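K.L.:
Kindly return the folded structure for what I paste below:
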Amino acid sequence: MRTTICLGSLAIAGLLASSGPLHAKEPIATATFVCADDNSIVAKFYADEVALTLSDGRDLALPQAMSGSGARYANADESIVFWNKGNTAFLTEGADDTMTYKDCVAD
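P.N.:
As a prediction, this is how the structure comes out:
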């Protein structure tokens, strides 16, 4: 008996089997920030990144970036940057660093 294996199907099956949630591990910490203009940010902190849920419905995952003070997370081109220090935070967006989520305090 001859067995034929379709490598394309195996590759796809392997990808599906290995795919899982974005963050398989539990976060180190979670905080909800209440911001100006009725905005809010839910931040789940991991060892090297933060997962953000913004009140406008967006979900973002940003890797940790260099910071002189506090914790800073940014995408590759730094068009989105999340800053956190103590119980405060803010989010900037765009080339001009517009502060879209400001005066955020953990509740």
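
K.L.:
residues of the lengthiest strand in the chain that come out buried?
P.N.:
Longest strand in the chain, counting residues (DSSP state E): strand 98-106. The neighbour-count criterion (16 or more other Cβ atoms under 10 Å) identifies Thr100, Tyr101, Cys104 as the buried residues of strand 98-106. Bear in mind the C-beta positions are built from the backbone N, C-alpha and C, glycine included.

K.L.:
Just confirm Glu49 contacts Pro63, I think it does.
P.N.:
Yes: with contact defined as Cβ atoms under 8 Å, Glu49 counts as touching Pro63 (4.8 Å).

K.L.:
Show me the common contact partners of these two, please.
P.N.:
Tyr73 (Cβ atoms under 8 Å, 6 or more residues apart in numbering).

K.L.:
ok, the two, which is more surrounded?
P.N.:
Glu49 (18 against 12; other Cβ atoms under 10 Å).

K.L.:
looking at the sheet around Asn84, what are its partners?
P.N.:
On the basis of DSSP bridges, Asn84 takes part in beta bridges with Ala71, Ala89.

K.L.:
Isn't it up against Ile41?
P.N.:
No: Asn84 is not in contact with Ile41 according to Cβ under 8 Å; the separation is 9.4 Å.

K.L.:
just the strands in this structure please.
P.N.:
Under DSSP E, the chain gives strands at 29-34, 40-45, 49-54, 59-65, 71-74, 80-85, 88-93, 98-106.

K.L.:
follow-up on the earlier one: packing partners of the longest strand of the chain?
P.N.:
strand 29-34, strand 40-45, strand 88-93 (3 or more Cβ pairs under 8 Å, 6 or more residues apart in numbering; DSSP states H and E).

K.L.:
For Ser79, find the nearest of those.
P.N.:
strand 88-93 (6.5 Å; Cβ to Cβ).

K.L.:
what's in contact with that closest one?
P.N.:
Contacts of strand 88-93 (Cβ under 8 Å, 6+ apart): 31, 33, 35, 41, 43, 52, 54, 79-83, 98-106.
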